Structure formats: structure tokens, C-alpha cells
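> Test case, fold it:
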Amino acid sequence: MTDQKFTMLFWQGNPPSHGGYPGFNPRTEKAKGMIIERDAAVTMGDGVKIYIDIFRPDKEGKYPVLVSWGPYGKHGRSYPANADVRHDLSEYTAFEAADPVYWCGKGYVVINADPRGAWRSEGDLTFFTEQEAKDCAELIEWAGTQNWSNGNVGLCGVSYLAWIQWRVAELNPRHLAAINPWEGVSDFYRELCFHGGIRETVFTTRLRDLLWSHTTTRVEDFVGMALRHPLFDDYWASKNADLSKITVPAFVVASWTDHGLHTRGTLEGFKKIASKDKWLMVHGRKKWSVFHEQEYLEKQRQFFDRFLKGLDSEVKNWPKVMLEIRRRYGVGSFRNENEWPPARTQYTKLFLNARDGAMSSSPFEKEAQVRYSVNDIGDKTQNAQFEFEFDKRTELTGHMKLRLWVQAINNDDMDLFVAIHKMDHSGESVPFAFCWIHEDGPVALGWLRVSHRERDEERSTPYQPFLKHQREIKLKGGEIVPVEIEIWPSSTLFEPGSKLRVVVQGSDTCMYPGQVATYGHLANPNRGEHVIYSGGKYDSHLLVPVIPGV
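Here you go, the predicted structure:
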């Protein structure tokens, strides 16, 4: 945005020496069939120098280029042990980036960049700003004109390295020939910092203080900005790409397992980009391990071979959408679709009965209520639960929406945390991959701060409410209001006799205290009791996406 009505907050960050930085040492060396240029300088249009590592095949020729761009350090960092990442990655593989040994062996140049302000690169370190997007676009143009380049550049990488691809691709730099966003947020406010209007306080703080922090200059304090900007405004809008401007070929990869970060944004990105050549794959496993698995590495190579080398690859036979239908953690199978979400979806209401926690495909005539305490944020037993038992094999793939009639006792606001679980025949919760490294997560999650319940009617659909987050509408004393909670997309097969369980409570349903891979919303307005109403005029229900004929 050009007319920004905010002042950016900065902090001094952490010195590079605190992050395993090997030191600044420009040099050229050879190893494993590669020519490696370390700490090569590229000068931006305003004179600021950023530093990159270049890996080229050690033979004459002009090659396509893959660029990875992120603040974690081009020198690399290790994956957690329980991320299940392949052990045969080369020592040159940067965090969430491509393995240069593999790609140089396939006839590609790989560039890992430290963005402006990160590590030893000059300037201030900011995140998904117009400046960062322009810098990455300038690097693409630089890479496309080197004497070892064939003029075609692709963007690749996971998480931040995928997220930035939306921001850069909307600029349509001339030498950008393809993108492969592998699980990347596309709405900084709704998908990272404020879930349903509830500020995230655990993971974002770790990002700021530890992971997006190493510099010799200054770092944007986006956590401080979240405190200063609790509603969606120019600051948050300035970080989001206009997805409709993206026309470059795209192989978009999402997972059902990254609720609270990338799942929603990656799927929204696929839906909204204007690319004529675009494909979607959604898996149900751990994101880093799938990115580096040989089977999916081959898919990446086929995609880039077609659009960066002009080769006749298998991409021409790919279905537009490939979805993994999960049964439990590590068990599922892929099915092809023509679009996302599947056009044949039959959206079905499952009505809640607050009297006994049952759910039914038919409305309940009698009004009822259930209440739970929210005074103890750590008490996970205080919640409302509802269950529906399947009498036949049923697949739910797509968006869910929870409509509730709610009331806050002695309060003018309430934070609602929703989890969808699959229960087996014995009543045990069926586990799914969750939050990068965990294996005991739910089917899906949703959140809402009730004062943020105002919908954008033009952007909402019957199955996916889009909330404005532009003002607070506080509850009046004793007021009972209807709310619609977006449940992030999922895909799960329910066998006959298994159950779907809805859990609603006043604090996080899924947290891993002390673990690096966790989210938390520890600053909420809840106190007293929450009441959920059902039956009669209170049409509380869960809208589920049934796929017919499975």
C-alpha cells in the first residue's frame, strides 16, 4: 500500500552469533559436483547489499534457477528429530529450502538468500512488506540475467519460504517462470497473529524473539504491532498479497495438519490466484518430511522441468487437485478432483442438542442450554461437547462452519475455541498429525472472539464465513447472539460406528506446554461462564462437507 497510516515498531534483534552463524566469509569453492559461491553480494536498487549463497553445477552451461528466500539463515539450521525429515539431506540444505546437491545434479542453480536486514545483509529486517517483496523480485531479475542462467527463475520452499512467494509473484517479475508455495500463509492477520480475532501469544513471540530476529541492524516488532493494532487495518493489509494479480504457473501444496498457521492461507491462495496453469496437492502428514520425501521431490522436479526447462514432463497429465483422505495419523489415500473445494460437496447440517450433547441431522424442537466455566484457563475439563455417530461410511472433505447461539454471563465478550475430533468405536480420540511434529492432534480447529463476529457478506459463502475484524461489537448484559465460526479445512473418512465430536471451550484445546511446536492464546477476556443454546429458535449446528458416493 502506498498510503500507509501506521508507524512501524522496531527492536534491536539478536546478533548473528546467537544463531549459529558461521561468520561472514565471501569465497568460491567446489564440492559434490557444485561450484559454491558463499556470501555473494547483490545490490538492490537503493544501494543496499543483500548476501546470497549460489550453488551451480560444476560444468559449463546455462541453467534454470531456484530461489529460496527467508530469515532463518542461508547457512541452515537443523529440523527437530520428530519432524521425520529424511536423514540423507546434504549438509548444504538450508532450513525449509531445497537441497542444492539434488537440484544441481538435476541441472539447476540454487540460490539461498538472507533478506534485507537478516544476518549480515544490510538494511532493516521487515516481514512481507512492499520493500521485502521488491527486494526478492530484484534478486529474481538479477538471477535471470547471469551468464550461468537460462533466464527462467522459480521460487521454492516451505512456510516462510512459501509465504513470501505470494507477495513476490503478485509483482510478476519478468524472469519469474514458476512458483511452488509449499504451505504458506496468505493472510498475516487471520492466519498467524489473530485466530478468529483472538491474539496468538506463544508462537508469534517465539518467531519474533528467536527465529525471525538475527541482524546487525533492526527488526520489525510485529508482536508489538499486534498489541497496537488489534483490528484489521492498513498495517495488516500491507502484508497481504493481491492474489488475483498472480498469473505465473503454480504448484501449490497444503496440508490438513497445519491449523493455526498455513492450512487456510495455502488453500485460499490456490483458490484466488489467477494462474491459468495451477495445481493443488493437499496431504495429511508432517509438512517438512513430505517436502523432502523422494516421491514429492520428484513432483517438484517434474513441475520445474516443465516451466523452467520447457521439458515434456508428467505435469501435463496431473489432475488439477490431489487430496489425501485421512483415516488417522499416517493412514490415508489420495484422490483426484477437478477443483477446490469439490463442486459435488453436499453441505449438511448436524444440529446440536445442549440437553444431552447429541447431534442430529434433524432440528431439535425443545430449547436447551449447556454452560461451562472459563475462570481457569488451564482447566480443559470445562467445555461443551457434542457427538454425532455415523451409521455408514462417510467422507467429510472441505470447509466446516459452526453456528452457535451464545451468551456470556457477567461479561461483555467471549473467546470460543473449537476442536473437531474423530472418535473410534471404543470412544477413544483418533489421532492426526498436527503442528509440524505432533501425532495426536484433532481433525480441525476454529476460533472466534465474539466481539469480532461481524461478517463481510460479500466475501462470505454459506460454508465459509469471512469476518471483517474492523470493529468490536461488545455483548450487552444477558444478550444471546448467533455467531458463525470458520472451521479450517480438513479431510477425514469416518467409518460406520465412529463419531464426530465437537468440543467448545474458553481456552486452547491443543497446546503442548514447553514444546517449540505449539500455539497459544493466553491473553483473552474470558471470565465467568459461557452458555450455548440449542433447539427451537436456536438453530445451533455444525455444517459439514459430505462427499457423496465414497
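> Tell me where the stretch 201-350 of the chain has helices.
Under the criterion DSSP state H, counting those that start in this stretch, the stretch 201-350 of the chain contains helices at 203-206, 222-228, 234-237, 262-272, 287-292, 294-308.
> what does the longest one contact?
With contacts defined as C-beta atoms under 8 Å, 6 or more residues apart in numbering, helix 294-308 is touched by 64-66, 86, 102, 106, 108, 150, 152-154, 156, 177-178, 180, 249, 251, 253, 277, 279, 281, 290-291, 311-316. To be clear about C-beta, it is placed using only N, CA and C from the backbone, and glycine gets the same treatment.
> re the thing from before, same list (the helices of the stretch 201-350 of the chain) but as TSV, adding distance to residue 347.
Formatted as TSV, those follow (distance: least, C-beta to C-beta, whole Å):
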stretch	distance to residue 347
helix 203-206	31
helix 222-228	34
helix 234-237	30
helix 262-272	17
helix 287-292	28
helix 294-308	31
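> hmm, back to that, filter the contacts of helix 294-308 down to the buried ones.
Buried subset of the contacts of helix 294-308 (neighbour count, 16 or more other C-beta atoms under 10 Å): 64-66, 102, 106, 108, 150, 152-154, 156, 177-178, 180, 249, 251, 253, 279, 281, 290-291, 313, 315.
> Return the distance of the nearest residue to residue 311 once chain neighbours are set aside relative to residue 357.
Nearest-residue entry for residue 311: residue 305, 4.4 Å, with adjacent residues in sequence omitted and distances by C-beta to C-beta, 6 or more residues apart in numbering. Plainly put, residue 305 is 54 Å away from residue 357 if you go by C-beta to C-beta, to the nearest Å.
> quick one: which of these two has more around it?
More crowded of residue 305 and residue 357, by other C-beta atoms under 10 Å: residue 305, with 19 against 14.
> who touches residue 281 in this structure?
251, 252, 253, 254, 296, 299, 321, 322, 323.
> Count the residues that sit near the closest residue to the last one other than its chain neighbours.
Closest residue to residue 323 apart from its sequence neighbours, by C-beta to C-beta, 6+ apart: residue 282 at 5.1 Å. Counted with other C-beta under 10 Å, residues neighbouring residue 282 total 27.
> cool, the one 3 residues further on as well?
Residue crowding around residue 285 was assessed by other C-beta under 10 Å; the count is 21.
> and if you look at residue 477?
When neighbours are counted by other C-beta under 10 Å, residue 477 registers 9.
> quick one, longest strand in the protein?
As assigned by DSSP state E, the longest strand anywhere in the chain is strand 394-409.
> Just checking: what are the partner strands of that strand?
In the sheet, strand 394-409 lines up against strand 481-494 (antiparallel), strand 529-534 (antiparallel), strand 541-547 (antiparallel) (DSSP bridges).
> so can I have CSV of these showing distance to residue 222 and mean pLDDT?
Below are those laid out as CSV (distance: least, C-beta to C-beta, whole Å; pLDDT from 0 to 100):
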stretch, distance to residue 222, mean pLDDT
strand 481-494, 22, 98
strand 529-534, 30, 98
strand 541-547, 33, 98
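> Let me have these in CSV, adding distance to residue 139 and mean neighbour count as columns.
Below are the strands paired with strand 394-409 laid out as CSV (distance: least, C-beta to C-beta, whole Å; neighbours: other C-beta atoms under 10 Å):
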stretch, distance to residue 139, mean neighbour count
strand 481-494, 33, 22
strand 529-534, 50, 22
strand 541-547, 40, 21
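> So for residue 506, which of the ones you listed sits nearest?
Of all the strands paired with strand 394-409, it is strand 529-534 that lies closest to residue 506, at 6.0 Å by C-beta to C-beta.
> gap between that closest one and the chain center?
In this view, strand 529-534 has its centroid 31 Å away from the chain centroid, taken as C-alpha atoms, centre = their mean, to the nearest Å.
> Outside of that strand itself, which residues are in contact with it?
Outside strand 529-534, the residues touching it (C-beta under 8 Å, 6+ apart) are 351-355, 364, 367-374, 384, 404-410, 414, 416, 480, 504, 506, 540.
> Repeat the analysis, applying 7 Å as the threshold.
Identification of contacts with strand 529-534 by C-beta atoms under 7 Å, 6 or more residues apart in numbering yields 352-354, 364, 367-374, 384, 404-409, 414, 480, 504, 506, 540.
> low-scoring stretches of this protein, by residue?
Applying pLDDT under 70 to the chain flags residues 1-4, 377-380.
> Identify the residue nearest the residue most central in space within it in space, chain neighbours excluded?
Centroid-nearest residue in the chain: residue 262, 0.6 Å away (criterion: C-alpha atoms, centre = their mean). Leaving out its chain neighbours, the residue that sits closest to residue 262 by C-beta to C-beta, 6+ apart is residue 183, at 4.0 Å.
> give me the number of residues near that neighbour?
Neighbour count of residue 183, defined by other C-beta under 10 Å: 29.
> which residues does it contact?
Taking C-beta under 7 Å, 6+ apart as the criterion, residue 183 is in contact with 158, 159, 162, 253, 254, 255, 258, 262, 266, 287.
> any idea what sits nearest residue 415, other than its immediate chain neighbours?
residue 524 (4.1 Å).
> so is the residue of the chain positioned farthest from its centre in a helix, a strand, or just coil?
Relative to the centre of the chain, the most outlying C-alpha is that of residue 366, 40.4 Å out, by C-alpha atoms, centre = their mean. At residue 366, secondary structure determined by DSSP: H, G, I helix; E, B strand; the rest coil is coil.
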